[in-house]
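Student: okay, predicted coordinates and the sequence, questions at the end:
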2 protein chains.
Amino acid sequence: MESAIPAHLQTARTRHRRVGDDYAPPYPSFVARHKPSVTRVVMAYFGIQSRGALPAGAERALARLASDFADADGPSHWDRASYIDEAGFTNVVTVAYWDERQKFDRWFPAMRERWTGEQRTNDGFGTFIEALYPSVEGYETLFSSLGRPEGVAVLADGMSGEVLEHAYWGGMRDRIPLSQTSEMAASGSARAIRDGARIRIVPQDNLCLIRSGQDWGDTEAAERKMYLGDVEPVLREGMDFLRDQGRAIGCYANRYMTVVGPDGATAEKSYGMSWWKSLSALERWAESHPTHVRIFGAAMKYLSTLGPAAKLRLYHEVTVARADEQLFEYVDCHPQTGMLNAVQTAEMA
Amino acid sequence: MESAIPAHLQTARTRHRRVGDDYAPPYPSFVARHKPSVTRVVMAYFGIQSRGALPAGAERALARLASDFADADGPSHWDRASYIDEAGFTNVVTVAYWDERQKFDRWFPAMRERWTGEQRTNDGFGTFIEALYPSVEGYETLFSSLGRPEGVAVLADGMSGEVLEHAYWGGMRDRIPLSQTSEMAASGSARAIRDGARIRIVPQDNLCLIRSGQDWGDTEAAERKMYLGDVEPVLREGMDFLRDQGRAIGCYANRYMTVVGPDGATAEKSYGMSWWKSLSALERWAESHPTHVRIFGAAMKYLSTLGPAAKLRLYHEVTVARADEQLFEYVDCHPQTGMLNAVQTAEMA
């Protein structure tokens, strides 16, 4: 049993972990381990939004994005997912990960110009960029099994052994290295700056992002039936609640998406990503909303019972970012898109 | 909104509360407020155990106990409850509360001699005493409504206004004043000393007791049906789990009892009392066992929806006691009684 916080990020605590050293989780879980030389990562979500099927210009933009990812300074890993949002728009979200900020900084400006800047080719579709540049102290990962990393974990040097800080409420916070010394409370408030068609969101401190995924590709008959019949509908109910009613509890936006493979076909993988006013707002929802409590209970029971025999793979990554570790830009998107929900009005630039 | 920790017990923290100052609970709850002059209370459980109906000698002992309570140094409040335990024995448990340790110390020795000592009259029944003498820093209370205090709260000067620290996992700990500076971890282990027929348990530090009650006497048709039909069966399932399988998770004993009125008739009130190795063991069960998670979810939903209109009354008191704040004695009780479960063998005195 090891701590989710790697040795080189352990500091003298001013805040305690929620469980004692004698805590024993009921099933194993694992976290991604970067090389100690990695100090900061980039998680950049590039979105395209259109009513109905994507127009040809949007398809071309997506193809160009994929080709640009292959540049020398491109991301170490990326994936793509899609869904239809609450306003009935199709959204295709491509997320790319870097573990060297310098590479991203060399790669990004030209891409940004084409995606949300002067060189954009938006014609009948919207585009957005939602990017975080957290230090490694500002996020955590969790995996129910080894062997198939997802998201930022694909960049890691490897996976941990069984970690202590999971399977209890508060484990998410306890896995983030900053929690050793910081409450990570929200401070300030987001505002919007309109610059022609582009709306930039100037964010608040300690905004929180969760990407939480499931991969049922390896499940066989009985387990697949259980996941698709019993678990997924409850998960969807929770995701729908956040999408439709999340604002009142500090969830600015939630996207429950299906992963799309390189060939454009949907994979047997999905993930939810949501933007939160704070880690504590996410905690409160997770711990009290009936759908998530049921999901947590089902996962506890499922993983405690099946253990290593489970073929369903669950993972998540949760990030708390300072204001200067965030970038949000929206062009021609409807007003309920992403962090546009965090602001009431847009000032003129 | 006020803190569950009264101003005169607030200290410089070395440990943080689990929620921030901006936390807003979804429904109101209240705690008992003692006069600041109260520094310590006594909670003394006097048990009688017999196979089948109580023999006449047991009934006489119970009557004598009630009459002794009326002494000048007797308790400020007491009540009585009964249940049939896992071994099929009838148990009648009378709990008495003092808020002056000196009065208890004057009252108790004679009573103790008659209950578990040389002057006992046990003939076909067992007796036990389970008593805690916590400082006011060592316990907390919680009530879903005002106007009918139960347990130690009957001794209080009054009730608080709406408190902040509730309706989230960890609220119980955050309401105990000691949590400001202490992890309240279990330390040491209990042992038994046999002295003739009497077995004394010499306890460990930071043992935890919860008394958690419900009063459905005021509910009318629809609410009563909901409580008895939907809530009580799930509660009972959780109580049965603790009684039958609690040992593996640190619950030494659980009694789910029906309150008995002064006339001997059962009231529309019940409470569960359980002895735990530590507060954290209680937390882990409460947060992860499906029955309790369901109960918590149901209560959240119920109280959030009905609010002040709810007629069901819920309360609890949770105590963490040092070894020198505890007394356990058992005579002629079966070996699964109370804290006898905390020890494997009994040494000879």
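Tutor: Right, received. Where do you want to start? Numbers count the residues shown, from 1 in each chain, chains lettered A, B, ... in the order given.
Student: how near is the residue lying closest to A:R247 once chain neighbours are set aside to A:S274?
Tutor: The shortest distance from A:R247 to any residue other than its chain neighbours is 6.1 Å, reached at A:N341 (Cβ to Cβ, 6 or more residues apart in numbering or on different chains). For every residue, glycine as well, the C-beta is placed using N, CA and C. Plainly put, A:N341 is 11 Å away from A:S274 if you go by Cβ to Cβ, to the nearest Å.
Student: OK, contacts around A:A153?
Tutor: Going by Cβ atoms under 8 Å, 6 or more residues apart in numbering or on different chains, A:A153 touches A:32, A:141, A:143, A:159, A:315, A:317.
Student: check the secondary structure at A:G74 for me.
Tutor: coil (DSSP: H, G, I helix; E, B strand; the rest coil).
Student: tell me which element A:E232 is part of?
Tutor: helix A:232-245 (DSSP states H and E).
Student: and for the residue nearest to A:P55 when sequence neighbours are not counted, the neighbour number?
Tutor: Of all residues not flanking A:P55 in the chain, A:G124 sits nearest, at 4.6 Å (Cβ to Cβ, 6+ apart). Neighbourhood size, A:G124 [other Cβ atoms under 10 Å in any protein chain shown]: 13.
Student: now for the residue nearest to A:H34 when sequence neighbours are not counted: which residues touch it?
Tutor: Once flanking residues are discounted, A:H34 sits nearest to A:A156: 5.2 Å by Cβ to Cβ, 6+ apart. For A:A156, the contacting residues are A:32-34, A:141, A:149, by Cβ under 8 Å, 6+ apart.
Student: checking the residue nearest to A:R247 next. Helix, strand or coil?
Tutor: helix.
Student: for chain A, where's the lowest mean pLDDT among helices and strands?
Tutor: Ranked by mean pLDDT, DSSP states H and E, the weakest helix or strand in chain A is strand A:346-348, scoring a mean of 62.
Student: if I pick the residue of the stretch 151-300 of chain A found nearest chain B, what's in contact with it?
Tutor: Ranked by Cβ to the nearest Cβ, the top residue of the stretch 151-300 of chain A for proximity to chain B is A:W169, at 4.3 Å. Residues near A:W169 by Cβ under 8 Å, 6+ apart: A:18, A:283, A:286-287, B:169-170, B:287.
Student: for A:V95, which non-adjacent residue is closest in space?
Tutor: Counting by Cβ to Cβ, 6+ apart, the residue nearest A:V95 is A:Y45, at 4.8 Å.
Student: what do A:N341 and A:S274 both touch?
Tutor: Joint contacts of A:N341 and A:S274 (Cβ under 8 Å, 6+ apart) are A:252-253.
Student: more crowded one of these two?
Tutor: The residue with more neighbours, out of A:N341 and A:S274, is A:S274; 22 against 17, by other Cβ under 10 Å.
Student: tell me the helices and strands packed up against the host helix or strand of that one.
Tutor: Counting by DSSP H and E, the element that carries A:S274 is strand A:266-276. With contacts defined as 3 or more Cβ pairs under 8 Å, 6 or more residues apart in numbering or on different chains; DSSP states H and E, strand A:266-276 has these neighbours: strand A:77-84, strand A:207-215, helix A:232-245, strand A:251-260.
Student: rewinding a little: out of the contacts of A:A153, who's nearest A:K225?
Tutor: A:Y315 (21.9 Å; Cβ to Cβ).
Student: for that closest one, give me its contacts.
Tutor: Taking Cβ under 8 Å, 6+ apart, we find A:Y315 in contact with A:141-144, A:149-151, A:153, A:212-213, A:215.
Student: at 6 Å what do you get?
Tutor: Going by Cβ atoms under 6 Å, 6 or more residues apart in numbering or on different chains, A:Y315 touches A:143, A:150, A:213.
Student: do you know how far it is from B:L228?
Tutor: With Cβ to Cβ as the criterion, A:Y315 and B:L228 are 42 Å apart.
Student: got the residues of the stretch 201-349 of chain A near chain B?
Tutor: The interface of the stretch 201-349 of chain A toward chain B, taken as Cβ under 6 Å from any Cβ of the partner chain, is made up of A:287-288, A:290, A:293, A:297, A:300.
Student: which members of those residues are the farthest-apart pair?
Tutor: Farthest pair in these, by Cβ to Cβ: A:S288 and A:M300, 16.3 Å.
Student: now do the SS call for A:L142.
Tutor: strand.
Student: backbone torsions only: list them for A:L314.
Tutor: Reported as degrees, to the nearest 10, the phi and psi values for A:L314 are phi -120, psi 140.
Student: without its sequence neighbours, what residue ends up closest to it?
Tutor: Closest residue to A:L314 apart from its sequence neighbours, by Cβ to Cβ, 6+ apart: A:S144 at 4.2 Å.
Student: returning to what we had before: among the residues of the stretch 201-349 of chain A next to chain B, which are in strands?
Tutor: Using DSSP state E, no member of those sits in strands.
Student: tell me which residue lies nearest the centroid of chain A.
Tutor: Central residue of chain A (Cα atoms, centre = their mean): A:R211, 2.6 Å from the mean position.
Student: sticking with the residue nearest to A:P55, tell me its helix or strand.
Tutor: Secondary structure assignment for A:G124, by DSSP H and E: no helix or strand.
Student: can you map out the helices along the stretch 51-200 of chain A?
Tutor: A:56-69, A:101-115, A:171-175 (DSSP state H, counting those that start in this stretch).
Student: in stretch A:229-245, which residues are buried?
Tutor: Applying a neighbour-count criterion of 16 or more other Cβ atoms under 10 Å in any protein chain shown, one finds A:231-232, A:234-235, A:238-239, A:241-243 buried in stretch A:229-245.
Student: oh, I was asking about stretch A:72-84
Tutor: A:74-83.
Student: okay, it in PDB with CA atoms only?
Tutor: What follows is stretch A:72-84, C-alpha atoms only, in PDB (Å, rounded to 0.1, in the frame of the first residue of the first chain):
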ATOM      1  CA  ALA A  72       7.200  17.800 -33.300                       C
ATOM      2  CA  ASP A  73       5.700  20.000 -30.500                       C
ATOM      3  CA  GLY A  74       2.300  18.300 -30.600                       C
ATOM      4  CA  PRO A  75       0.700  16.500 -27.700                       C
ATOM      5  CA  SER A  76       2.000  13.200 -26.300                       C
ATOM      6  CA  HIS A  77      -1.600  11.900 -26.300                       C
ATOM      7  CA  TRP A  78      -5.000  12.900 -27.500                       C
ATOM      8  CA  ASP A  79      -8.500  11.500 -28.000                       C
ATOM      9  CA  ARG A  80     -11.800  12.500 -29.400                       C
ATOM     10  CA  ALA A  81     -15.400  12.200 -28.100                       C
ATOM     11  CA  SER A  82     -18.800  13.500 -29.200                       C
ATOM     12  CA  TYR A  83     -22.300  14.000 -27.800                       C
ATOM     13  CA  ILE A  84     -25.500  16.000 -28.400                       C
END
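Student: how far is it from where the chain is centred?
Tutor: 12 Å (Cα atoms, centre = their mean, to the nearest Å).
Student: next one: stretch A:8-17
Tutor: Stretch A:8-17 has its C-alpha centroid displaced from the chain centroid by 25 Å (Cα atoms, centre = their mean).
Student: residues of that stretch that come out buried?
Tutor: Buried residues in stretch A:8-17, defined by neighbour count with 16+ other Cβ under 10 Å: A:9, A:15, A:17.
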